[in-house]
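1. Got a predicted structure plus its sequence, pasted below:
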Amino acid sequence: MNLLILGAGGLGCELLKNVTMMVVRKEIQLDNITIVDMDTIELTNLSRQFMFNTNDIGKYKADVAAKYVNDRFKDVVKVQSLVTDLTLLDHQFYEQFQLILSGLDAIEPRRFINQMCIQLAMLSQFGNIIPLIDGGVESLKGHVKLIIPGVTACWECSISTLPNQDVASSDGGNVPLCTIATNPRSLEHVVEFVYIKAMEKGLPKDWDQDANVVNQLLSQCLDRAVKYNINKDKLVISYMLGVMKKIIPNVSTTNAMIAAQCCLELFKIYNDLVDFDSNLHNFLMINGSQGQFHYSFTYDRDPQCPVCSALF
Ligand SMILES: [Zn+2]
C-alpha cells in the first residue's frame with residue numbers, strides 16, 4: 001500500500017509520526033509513504049513541528065520530515081519527500097496511492113485534492129477509489145472528514161458550512177492570511193498582519209512589557225492603516241495589544257488530537273472495519289475554545305454538489 005501525506009507542517013508531521021508508529025508496531029504495512037509540501041522551515045514553526053530544529057531553518061519541510069523518519073526507522077519505513085505545489089501534480093501521480101491523509105491549512109488545495117479523488121473514481125469507473133482523510137486545525141479547534149468517493153459526502157459537499165471568514169480577534173473565526181496580507185479591510189486585519197510578521201521574525205520574551213517593541217509595532221500598524229486607507233482613530237497601544245493577545249497560534253496538542261483521529265480512520269479502512277451499512281459518522285469536530293466539545297455526525301452527500309454529483 002502506498003500512502004500519501006499532504007502537508008509537512010504541524011499536522012502533517014503528526015500524521016507522519018503516527019503512521020510511522022503504526023508501521024513500527026506492525027498495525028499496518030506500507031510499501032511507501034510520500035509526503036508533499038512546498039514550504040520551507042521558519043523559526044516560528046519550531047514550537048509545534050517537533051521534527052525540525054534551528055539547523056533546519058530555510059530547508060524544505062517535506063525533505064527534513066522524511067529524513068527525520070528515514071534516519072530513525074530506515075529498515076522499517078521508507079518515506080519519500082516531494083517539494084512541490086500539490087495542485088501541479090496530475091492524475092498519474094495521484095493514482096499510484098491507495099489512501100491520502102491531508103494535513104493542509106488552506107481551502108484551495110483541499111478542493112483540488114478532493115476533486116482529484118472524485119475524478120479518479122469516475123475515470124476508473126469506480127475501479128480506483130482512493131479514500132481521502134482530511135484533517136484541519138485552527139488553534140483550539142479541529143475537524144476530520146472521511147471522504148470515500150461515491151460513498152460519503154465529498155469535501156465540496158460541505159463547503160457552504162465553512163465558518164464565516166471574519167476576523168479572528170473579534171469572534172474566534174479566522175481570516176485567510178492572504179486577505180490579511182493583501183486586502184486588509186479592518187483595523188484588526190492590520191494589527192494581525194503586523195503581529196504575525198513580528199512573530200515570524202521573532203519577538204523577544206515579554207515583548208509587551210518593552211516600550212520600544214510596543215511603540216515600534218504601533219508605528220508599523222499606523223503606517224499600514226494609512227497605506228490601506230483604514231480609519232486609525234481606535235489604534236492606540238491598548239487596542240493593539242488587545243487584538244494581538246487574542247491571537248492564538250496553532251496548538252500542537254490540537255494537531256496531535258486531529259492527527260490521531262485521522263490515523264484511527266486510516267487503521268479502520270486498512271482493516272476493513274468501516275461499517276458503511278450503519279449511519280456512518282463521516283465528520284468529526286472538536287472545539288476546545290468552548291469547554292470540551294467533541295461532536296461527530298453523518299454529513300450526507302449534496303445531490304447538487306458541483307464535484308461529486310456527477311458520480312451518480
Ligand atoms: Zn460532493
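-> Yep, it's here.

2. List of residues touching stretch 66-80?
-> 16-17, 20, 23-24, 30-35, 51, 65, 81 (C-beta atoms under 8 Å, 6 or more residues apart in numbering). (Glycine included, C-beta is placed from N, CA and C.)

3. Please name the residues that touch Ala225.
-> 187, 190, 231-232, 235.

4. show me which of those neighbour the ion.
-> Counting by C-beta under 5 Å from the ion, nothing from the contacts of Ala225 sits close to the ion.

5. Compare the residues you listed and tell me which is most surrounded.
-> Neighbour counts for those peak at Val190, which has 26 neighbours (criterion: other C-beta atoms under 10 Å).

6. Just list the residues touching it, thanks.
-> With C-beta under 8 Å, 6+ apart, Val190 has these contacts: 184, 221, 224-225, 228, 230, 235.

7. if you set the cut-off to 6 Å instead, what comes out?
-> Contact partners of Val190, counting by C-beta atoms under 6 Å, 6 or more residues apart in numbering, are 184, 221, 224-225, 230.

8. Could you measure from it over to Asp233?
-> 13 Å (C-beta to C-beta, to the nearest Å).

9. My assumption is that Leu146 lies in a strand; please confirm.
-> Yes - with DSSP: H, G, I helix; E, B strand; the rest coil as the criterion, Leu146 is assigned to a strand.

10. can you give me the helices in the stretch 101-250 of the chain?
-> 107-123, 168-171, 177-182, 187-201, 211-227, 237-246 (DSSP state H, counting those that start in this stretch).

11. Count the residues that sit near the residue of the stretch 1-150 of the chain at minimum distance from the ion.
-> Residue of the stretch 1-150 of the chain nearest the ion, by C-beta to the ion: Ile118 (7.2 Å). As a burial measure, Ile118 scores 24 neighbours (other C-beta under 10 Å).

12. what does the one 3 residues further on give?
-> Other residues within reach of Ala121 by the criterion other C-beta under 10 Å amount to 21.

13. Wait, it touches Pro149, no?
-> Yes - using C-beta atoms under 6 Å, Ala121 makes contact with Pro149 at a distance of 3.8 Å.

14. Overlap in contacts, the two.
-> Common neighbours of Ala121 and Pro149 (C-beta under 6 Å, 6+ apart) are Ile129.

15. can you tell me which residues contact Gly58?
-> Neighbouring residues of Gly58 by C-beta under 6 Å, 6+ apart: Thr40.

16. For it, pull up the helix or strand it's in.
-> In this assignment (DSSP states H and E), Gly58 forms part of neither any helix nor any strand.

17. quick one: it and Ser296, what's the gap?
-> 40 Å.

18. List the buried residues in the helix or strand hosting Ser296.
-> Secondary structure from DSSP H and E places Ser296 in strand 293-297. Going by neighbour count (16 or more other C-beta atoms under 10 Å), nothing in strand 293-297 comes out as buried.

19. Direction included, what does it pair against?
-> strand 283-287 (antiparallel) (DSSP bridges).

20. how about the partner strand, does it reach the ion?
-> No - if you take C-beta under 5 Å from the ion as the test, strand 283-287 misses the ion, and the best it gets is 12.8 Å.

21. Need the contact partners of that strand.
-> Applying C-beta under 6 Å, 6+ apart, the set of residues contacting strand 283-287 is 141-145, 293-297, 299.

22. Around the ion, pick out the residues from the stretch 151-300 of the chain.
-> 154, 156-157.

23. For Ile100, what are phi and psi?
-> phi -130, psi 130 (degrees, to the nearest 10).

24. in the sheet, who's paired with it?
-> Leu4, Leu132.

25. and it, what does it touch?
-> 4, 130, 132.

26. Sounds good, over and out.
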